[in-house]
Structures are given as C-alpha cells and as structure tokens.
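J.: Predicted coordinates and the sequence they were generated for:
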Amino acid sequence: MVYVVVKFRKKADDDGREPAQVYGSNQVEVAWTVIPILIVTVLFMATARVIATVQKPPDNAVQVIAIGHQFWWEYRYPDLKVVTANELHVPVSDAVHPMPTLIKLTSADTDHSFWVPRLAGKTDLIPNRVNSMWIDPQEIGLYLGQCAQYCGTQHAKMLLRVYVQSRSDFDRWIQEQSQPAHSSDAVSDGRRVFESTACINCHAVGGTTAEGRFGPDLTHLMSRDTIASGVAANTHENLRLWIRDPNAIKTGSLMPAMGLSEHDLDVVTAYLETLR
C-alpha cells in the first residue's frame, strides 16, 4: 500500500488523463489459483498422514473395553480376564519399550464421553457403536477426568480415575484382580444377606452366586480408593452410608436403597470390606 501510494501519487506534470487500463492477466490468475491449490494439497496430505498415524491401533497395546453406564464406568481387560469398575489401571510406557493402552469405548444406555485431559482428547461412547482411542502415558501417577457428555442427573459425578503404574505394579495388580473373592467365616452372615437380597441381581462377586452385570463388579471392591465412581473415598463410613442410602451420596443414583435393618447393614458392610 505504501509503495502504491508513493509510486502512483499525482505528479506536478500530470495532465489528468486516465492511464492505460489492465482488465486481466492470465499469468497472475493462474498463479493465484495454482499456488493455493498446491499449498492446500500439501497440508491435506500432511494432515491425513498424522491422522492415520494417530488412529492406527498400536500392535503391542494393552486391550481395555470401557463401558459407560449411568453413572459409572466398567472396565474389561479381555486378554487378561479382569473386570473392574471406575478406576482404570494401565502400565506406564516409554520411548525405548512402548506399551500403550488401546481403549474400546461403548455405552450400555445413553451417550457418554471419555475425557482425561492429561492423557488424550474426548471420545464419545455411543450405544450400539464401538469407538476407540489409545493412550501412551509416560509418567507414573493418578490422572483425573470425567464424563464430558451430559448423560443424566448425575453426569457431573461420573468421574474418571486412571492409575498409571510401573510394569511390575501393573502385573501385580492384574494378578490380584484375577483371583476370586475371599471371605472368612466371620462374615458369613453378611455374605448370606448379600446373596439373599436383590444385590446379586446387579452385582457380581467372583467365586459366588452373585453374577449381576447391571452394577459394578464387587469382587475386589476394597482394592479401589473410591466408591460411587470417584465421588466418595472408600471408607467404612462412606461404604455403609452408600449401602443404606445411595442418594445421600449421589442423588439420582440408579442403585436403590435396600431397606436393610441396622444388623443386616452392619454385616453386609463387614462382608464387602473383605473383598480385596
């Protein structure tokens, strides 16, 4: 603009006649058409290559199936024969010996979204459809996230906890989670009450008659730091309150209050506290 203003300013000897008009230039028009096309083509090819690389499942990945429920998370490790809930455990990866985790995502009821900001972007869980994502965490630690798609009254309390562990700690965790539930005779009354109520319609406990799939698997309940999908710490008081009245912790929870007597409430809590 400065060049044009200076170059073509009105001169003292300007006779006022209109200069010769230029109505088109094939060379200029070809240039401003071809050059942008080439630039866009290069950008498209580079972007397509990166997207293909990101979306390609790693060959040596740990396989996890994540199922969204109202309002909790179910995790299945099909190759390792482990089922757990709400707290996802994965091995740490490194550049020399990478071990990413491939997560297949689906929903048991409505739309959800898996989002752990420090590990990956959001990926939706859609009923009757399987989406996938993979993560490659490089540092050991706890990574927090939550459902990022409105899924009902307790959407905000459908929290995510991802534990990235060393290879040895992850292998030890898998070994422990592969074992059936163990309980002593001292809590036999609690087990009897648990198995004689509607608890077994929704929950599973390995090695017992409880084989429900609507609610979280409780085989190793006390190995988890939290209950109610990360809403409350897994303490005796919170566990007892959760069994007595789930809505006291998580309003709108689909787990019903069983109406247990104080004695039955105590013995069931004691039984569940042995599931490690």
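T.: Sure, I can see it. Residues are numbered from 1 along each chain as shown.
J.: For the residue nearest in space to the middle of the chain, give its distance to residue 142.
T.: Central residue of the chain (Cα atoms, centre = their mean): residue 114, 3.3 Å from the mean position. Relative to residue 142, residue 114 is positioned 16 Å away (Cβ to Cβ, to the nearest Å). Yep, even glycine has a C-beta here, placed from its N, CA and C like the rest.
J.: Over to residue 38?
T.: Separation of residue 38 from residue 142 (Cβ to Cβ): 48 Å.
J.: wait, isn't the residue nearest to the centre of the chain in contact with residue 160?
T.: Yes - counting by Cβ atoms under 8 Å, residue 114 does reach residue 160; the two are 7.1 Å apart.
J.: joint contacts of the two?
T.: With contacts taken as Cβ atoms under 8 Å, 6 or more residues apart in numbering, residue 114 and residue 160 have 145, 147 as neighbours in common.
J.: Quick check: pLDDT value at the residue nearest to residue 63 when sequence neighbours are not counted.
T.: For residue 63, ignoring the flanking residues on the chain, the nearest one in space by Cβ to Cβ, 6 or more residues apart in numbering is residue 79 at 5.2 Å. pLDDT, residue 79: 94.
J.: One more: residue 9?
T.: On the pLDDT scale, residue 9 is placed at 85.
J.: Now it: phi and psi?
T.: Main-chain dihedrals, residue 9, degrees, to the nearest 10: phi -70, psi 160.
J.: what sits against it?
T.: Neighbour list for residue 9: empty [criterion: Cβ under 8 Å, 6+ apart].
J.: From residue 26, how far out is it?
T.: Using Cβ to Cβ, we find residue 9 at a distance of 30 Å from residue 26.
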